[in-house]
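Undergrad: using only what follows, build the 3D model:
(2 chains)
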Amino acid sequence: MNTKAKSSETDHTPDTSKLLFTSADWDFETLKSTYDAIEDIAMNELKLDVYPNQVEVITSEQMLDAYSSIGMPLMYHHWSFGKRFVRDDVMYRKGYQGLAYEIVINSNPCISYVMEENTIVMQALVIAHAAFGHNHFFKNNYLFKQWTDAEGILDYLQFAKGYIAKCEDRFGFEAVERVLDAAHALMEQGVNRYSHPEKPNLAVELERERERAKYEDETYNDLWRTLPQPDQGDQDMDELKRKMRIEERRAQFGLPEENLLYFLEKNAPSLQAWEREIIRIVRNIGQYFYPQKQTKMMNEGCACYVHYAIMNSLYDKGLISEGAMMEFIDYHSRVVFQAEYDDPRYSGFNPYALGFAMMQDIHRICVDPTDEDRKWFPDIAGNNEPVETLKEAWAHYRDESFILQFLSPKLMRDMRMFMIDDQSTSPHLEVAAIHDDNGYRKVRRSLARMHDISVREPDMQVVDVDIRGNRQLYIQHTEHEGIRLEKSDAQMTLGYIGQLWGYGVTLQAVDYESGEILHEMNYTPEDLMGN
Amino acid sequence: MPMLYIVDRRKNPTGKSLGNRQRFMRRAKAQIKKAVEDTIRSRGITDITSGDQVTIPGKTLKEPSFHHAGRGGNRNYVLPGNKKFVQGDRIARPNGGDGGTGGSQASPDGDGEDDFQFTLTRDEFLDVFFEDLELPDLLKKSLKQTTAFRNARAGFSVEGTPANLSLVRTMRNSLARRIGLKRPKTAEVRELEEKITALQAKAEKRPNGTLTKADEDTLHGLLADLEEAKRRMKAIPFIDPIDTRYNQFQQIPDPNTQAVMFCLMDVSGSMSEQMKELAKRFFMLLHLFLHRRYEHVEVVFIRHTSRASEVDEETFFYSRETGGTIVSTALEEMKKVLVDRYPTDQWNIYAAQASDGDNYSNDGVKCTTLLAEDLLPKCQYYAYIEITDEREAEIFAAAEGETALWKAYAPLAKDNPRFALKRVTKAADIFPVFRELFAKNRTEARV
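TA: Predicted coordinates for the structure are as follows:
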């Protein structure tokens, strides 16, 4: 940061005629001309590849609105969004918490929200950060390409919102809320982690919804109601088939299945068609956000790198004043601040800080490598193509693999990273590695694992279902390293599964290494039958 | 090249999450209700109407999910900012809180179980506050064939009284007609006249008193124009009867939405400040409640000792008075005010009387007669609140301690659904008693 600011200071004459803006206020004209200048740098210097941009100016109240609906401009109604809204509202009004400067949606065109209260410098920063940084990342990262459909997301949300509102009209708030609550609880277990999902397409979705309803109407026959209940007496047959059945039904239901919501949507015996559709909606939205969770640090790092490069370039060209640059540096340094572990402000790694530091570090390795860098990163050290190298990384990595590949010893030293080994049986924590030759690889591996969503989130699977018997559903949590589920939450969530499934559910914790069942948790449907 | 669209969304309706908020309120209803009632108990009555900050327990709004427990098991993590540690150092486990150990797993979305604080709007607050309550006989039965009317604008008409003339409409029509018919403007006429005068002046200056041939022609032309203009002005009036438009009003039947509330209170020496405070709370609740239902609520304060008088609020609650207690004087006063100022066909009448139950021993019959014959038939509702000292209440509880007034009123309440009596001993009783008096099912029970 210093070198850059200094070098430009000397040749920066106070020629105010070129300045894009001179006061802190903005209007649509300056916004446009600023955007154009930023676009010029982004497209011609950084050569980014972005979706068309749509910048929307909103008030702080609207920002709170968007905030509470998980950042989406369109969202169905649910009390939990209301809860988030009142909480954020109180925090904001009391001044405990600022609002985000921007929200950006992974859609085509890429929508960025900016607040009217922002100064023009802030608007420039936000445009550079969101409309070009995030936008490029969304369009090029392999996870987003593979899992999300930027073209269709807004249409799909529109459909979801309308569908859920229609269900509320037809079946009542309570009934819809019951399904949504349960589905939300399982949202994290509602994503396909490995197989490629088909992209949701509005027309197809509508068609499928219509067919479901049609099928229901067509196959309705009042006669079924009058049939006598079947006897429970065929014991012999049962005995004969029992052993085969377990394997058979596992195959029939495609078990084990890690996507709990998908399993429930397809197989829960007593759900109505509309309830399945709502589960599907929650599942699709969860899937849409899945890449964002895996690339949070990179995505922010990319956006910060881009805004930093663009703002410096604007300054170097004499398009923004020194005062504006100072204001920018103030915002920037607040965004990329990393508290140390013993600081009361510490709450884990700041994805902006770590991301920005890594991007800058890669830039440095490409342009000005040390011998150590040459040894660690022979492929990229000194290739003098920092932006190309970064774009390559942005496209093909996620947080975990990115750290594993690119975290350099210098950065570990700079941030003074150290690794703690926490064995619950030991009364002490042990420093397992620090930023030295012995520790670099260990620290790096551990930090990468911290960013691995499959390590962070529990490993849950549907393993069996007694479909012809009492319909008990068996869910398995594979425990790694003795890390358990948070118990009261797990019990409540199990209740939600039971609600959707309609019959008993058993949650078994199984040790990853030995395969033995460690403990069990049960949900019995009586709670449900009671009301 | 990427295209740019800048969209100004600031004018979009805000409060998009109103639906979410309502759903949230419904979800947290029980907790919010409790919080509101707690607030009422602890707070001065006067500021009851401002919305309020309520705090509800966080865990009732929990959104559970499967996630790892914060501690236990074997884990490792990386922290920034090493100062002095080297590999192999042992650190005492930080106790309490997740100190620096939480890493990214401590809390899934930073959403702990902290108590949840937020602000209710005034309307939300009152909705919760008065839920399940309703006014007995909300509107007078006789008023269902409404006698009161209200004038409402109903567009324009071509006829009407001059008082209702709509100047703007009339002038607009007039202007259009004048332009359409090419009525000369006054300014044009004046211009013509000036030109003529100028020419005539020119002629006078010349030695022979005549104009040149050209000027002569112009003058004739001008004179002809002037004559024509004047003729047109006369023929085309400035305002024609066809221009006039009148504001039209329609009589809209207006249901009776005004109420008067009588507050009667014994202020004799036997009523302590504390007892008056209790009475005040009850009156304020009733006032608030009436305000929810009626556009316009008037309050009449009548205090009494052995004499009764109508006073202002300040005097009513805070000035002291000595003397005996004759309740019927207050009832007489109320009757007088009713007759003078509040005809029953225009006002919904509510009354609340607060007293410690003392009364002059021969007065009971007079009170009952007054109430039964004059007041109750006119009132929508009459509530009698007897305030007793907490200690006294304990003493008398065993002895079936009925006060003079209670004894007199009790038989009346039995067969008159518009009359209710209740005892209150402490502030916490006020709200439950109030609720009891106005609970919805009361109405059903009565029918």
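
Undergrad: from here on, contacts and neighbour counts on C-alpha atoms
TA: OK.

Undergrad: per-residue pLDDT, residue A:295?
TA: pLDDT for residue A:295: 92.

Undergrad: how near is it to residue A:301?
TA: Here the criterion is C-alpha to C-alpha, to the nearest Å. By it, residue A:295 lies 10 Å from residue A:301.

Undergrad: same deal with residue A:442?
TA: Applying C-alpha to C-alpha, the value for residue A:442 to residue A:301 is 23 Å.

Undergrad: the two: which has the busier surroundings?
TA: The neighbour count for residue A:442 versus residue A:301, taken as other C-alpha atoms under 10 Å in any protein chain shown, is higher for residue A:301 (27 against 18).

Undergrad: does the more buried one really touch residue A:361, like I thought?
TA: No: using C-alpha atoms under 8 Å, residue A:301 is not in contact with residue A:361, being 11.1 Å away.

Undergrad: ok, residue A:189 - contacts?
TA: A:258, A:259, A:260, A:261, A:460 (C-alpha atoms under 8 Å, 6 or more residues apart in numbering or on different chains).

Undergrad: next: residue A:430.
TA: Applying C-alpha under 8 Å, 6+ apart to residue A:430 gives the contacts A:420, A:421, A:422, B:88, B:89, B:90, B:91.

Undergrad: confirm the second one sits in a strand?
TA: Yes: counting by DSSP: H, G, I helix; E, B strand; the rest coil, residue A:421 is part of a strand.

Undergrad: sorry, back to before: now for the contacts of residue A:189, which pair is the farthest apart?
TA: Spatially, the most separated pair among the contacts of residue A:189 is A:261 and A:460, at 11.4 Å (C-alpha to C-alpha).

Undergrad: looking at the two, which is more packed in?
TA: Set side by side, residue A:261 and residue A:460 show more neighbours around residue A:261, with 29 against 22, by other C-alpha under 10 Å.

Undergrad: show me the contacts for the more buried one.
TA: Counted by C-alpha under 8 Å, 6+ apart, residue A:261 has contacts A:183, A:186, A:187, A:189, A:190, A:191, A:279, A:280, A:283.

Undergrad: report the separation between it and residue B:278.
TA: Residue A:261 sits 57 Å away from residue B:278, going by C-alpha to C-alpha.

Undergrad: which stretches in the stretch 251-400 of chain B count as helices?
TA: Residue ranges of the helices in the stretch 251-400 of chain B, as given by DSSP state H, counting those that start in this stretch, are B:273-293, B:313-318, B:327-341, B:364-369, B:390-398.

Undergrad: what separates the first one from the chain centre, distance-wise?
TA: If I follow you right, that is helix B:273-293. Here the centre of helix B:273-293 is set off from its chain's centre by 17 Å, with C-alpha atoms, centre = their mean, to the nearest Å.

Undergrad: and that helix, C-alpha only, in PDB?
TA: What follows is helix B:273-293, C-alpha atoms only, in PDB (Å, rounded to 0.1, in the frame of the first residue of the first chain):
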ATOM      1  CA  GLU B 273     -53.000   9.000  47.800                       C
ATOM      2  CA  GLN B 274     -52.100   5.400  47.000                       C
ATOM      3  CA  MET B 275     -55.800   4.500  46.500                       C
ATOM      4  CA  LYS B 276     -56.300   7.500  44.200                       C
ATOM      5  CA  GLU B 277     -53.300   6.400  42.200                       C
ATOM      6  CA  LEU B 278     -54.900   3.000  41.700                       C
ATOM      7  CA  ALA B 279     -58.100   4.700  40.600                       C
ATOM      8  CA  LYS B 280     -56.200   6.800  38.200                       C
ATOM      9  CA  ARG B 281     -54.600   3.800  36.600                       C
ATOM     10  CA  PHE B 282     -58.000   2.300  36.000                       C
ATOM     11  CA  PHE B 283     -59.400   5.500  34.500                       C
ATOM     12  CA  MET B 284     -56.400   5.800  32.200                       C
ATOM     13  CA  LEU B 285     -56.800   2.300  31.000                       C
ATOM     14  CA  LEU B 286     -60.500   2.900  30.300                       C
ATOM     15  CA  HIS B 287     -59.600   6.100  28.500                       C
ATOM     16  CA  LEU B 288     -57.000   4.400  26.300                       C
ATOM     17  CA  PHE B 289     -59.400   1.700  25.600                       C
ATOM     18  CA  LEU B 290     -62.200   4.000  24.500                       C
ATOM     19  CA  HIS B 291     -59.800   5.900  22.300                       C
ATOM     20  CA  ARG B 292     -59.100   2.700  20.400                       C
ATOM     21  CA  ARG B 293     -62.800   2.500  19.500                       C
END
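
Undergrad: report the buried residues of that helix.
TA: Along helix B:273-293, these residues count as buried under the neighbour rule (16 or more other C-alpha atoms under 10 Å in any protein chain shown): B:275-290, B:293.

Undergrad: what's the helix or strand for residue 432?
TA: With no chain named, the answer covers chain A. strand A:428-433 (DSSP states H and E).

Undergrad: try chain B instead
TA: helix B:427-438.

Undergrad: pLDDT of that helix, averaged?
TA: Mean pLDDT, helix B:427-438: 74.

Undergrad: check stretch A:52-67 too.
TA: 84.

Undergrad: kindly check the end-to-end length of it for me.
TA: OK, stretch A:52-67 end separation, C-alpha to C-alpha: 23 Å.

Undergrad: distance between the helix holding residue B:432 and the chain's centre?
TA: Its chain's C-alpha centre and that of helix B:427-438 lie 23 Å apart, by C-alpha atoms, centre = their mean.

Undergrad: flag every buried residue along it.
TA: Neighbour-count burial for helix B:427-438 [16+ other C-alpha under 10 Å]: B:427, B:430, B:431, B:433, B:434, B:435, B:437, B:438.
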